[in-house]
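Visitor: Any chance you could fold what I've pasted below:
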Amino acid sequence: MERKILNLFLKNHRLKFNEIEKNLDIRSNKLAYHLKKLVEKGVLLKEGESYSLSETSEYIIPYLSEKNNVLSIILIKIGNKKEVFLYKREKRPFKDFLSLPGGRLLIGESINSAVKRIMQTKHEISANLVKINSVSLENIKKGSKIINSFMLIFVEAKTKDKIDLININKNKSKIITSDYNLINSKNNSDVKIDTIITKKY
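Guide: Sure thing, here's the model as predicted:
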């Protein structure tokens with residue numbers, strides 16, 4: 001229900017209680033409960049008779065959709081042509097497979113700051129971006145259905161920390177297929193991703 005309420009703010013800056021009620025065809029006591037929760041969370045602001053999306057919650061607008069979004073993931077290669085830093089995944093998808101370290105690119109984050117954060121928080125390794133090797137779209141299928149889609153930003157990084165590297169070819173069957181392919185085919189590539197700052201009007 002909260003998502004349905006928020007969807008109304010895609011096209012409206014301010015809405016009164018009765019306008020929300022009319023749009024959603026919901027009982028007033030149920031609507032009042034959900035609006036109160038959204039105000040308590042700081043997602044909505046109540047000013048007099050009207051509700052509006054709080055400034056700190058404006059970021060959710062692009063994500064308000066019935067459709068699932070592609071996730072932007074950074075995959076980080078530290079190593080050489082034969083050996084790289086890999087870890088065993090504990091989460092689905094690809095649970096128990098060897099994986100490149102990686103994670104989501106967060107709002108407002110540069111590629112370099114994402115590399116530093118991911119390596120430090122997840123693996124306690126201090127690392128810096130060397131270059132961006134490639135950007136790829138990965139669709140994960142189960143049977144004939146695509147269940148996940150990821151925008152993979154494959155980067156190379158370096159560290160002065162002492163880390164264990166794993167031989168790629170000896171462990172091919174244990175490595176996520178897309179990670180293995182990126183390691184082997186995108187080593188010499190170099191892609192530039194510009195950061196554009198746009199003011200909201």
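Visitor: hey, let's count contacts and neighbours off CA atoms from now on
Guide: Fine.
Visitor: all helices for the chain, in order.
Guide: 2-7, 17-24, 28-40, 111-123, 177-185 (DSSP state H).
Visitor: Could you export those helices as a markdown table, including distance to Ile140 and mean neighbour count?
Guide: Shown next, in a markdown table, are the helices of the chain (distance: least, CA to CA, whole Å; neighbours: other CA atoms under 10 Å):
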| stretch | distance to Ile140 | mean neighbour count |
| --- | --- | --- |
| helix 2-7 | 26 | 15 |
| helix 17-24 | 35 | 14 |
| helix 28-40 | 34 | 14 |
| helix 111-123 | 23 | 17 |
| helix 177-185 | 10 | 16 |
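Visitor: Any chance of these in a markdown table with mean pLDDT as columns?
Guide: Formatted as a markdown table, those follow (pLDDT from 0 to 100):
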| stretch | mean pLDDT |
| --- | --- |
| helix 2-7 | 86 |
| helix 17-24 | 92 |
| helix 28-40 | 93 |
| helix 111-123 | 97 |
| helix 177-185 | 92 |
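Visitor: Now do Thr121 against Asn80, distance only.
Guide: The gap separating Thr121 from Asn80 is 23 Å, by CA to CA, to the nearest Å.
Visitor: re earlier: do you know which of the helices of the chain lies nearest Lys145?
Guide: Judged by CA to CA, the one of the helices of the chain that comes nearest to Lys145 is helix 177-185, at 18.0 Å.
Visitor: list the helices and strands that closest one packs on?
Guide: Helices and strands touching helix 177-185, by 3 or more CA pairs under 8 Å, 6 or more residues apart in numbering; DSSP states H and E: there are none.
Visitor: That one: how far from the chain's middle?
Guide: Chain-centre distance of helix 177-185: 21 Å, with CA atoms, centre = their mean, to the nearest Å.
Visitor: Quick check: closest non-adjacent residue to the residue positioned nearest the centre of the chain.
Guide: Geometric centre of the chain, nearest residue: Arg104, 3.7 Å, by CA atoms, centre = their mean. Spatial nearest neighbour of Arg104, chain neighbours left out: Ile73 (4.5 Å); criterion: CA to CA, 6 or more residues apart in numbering.
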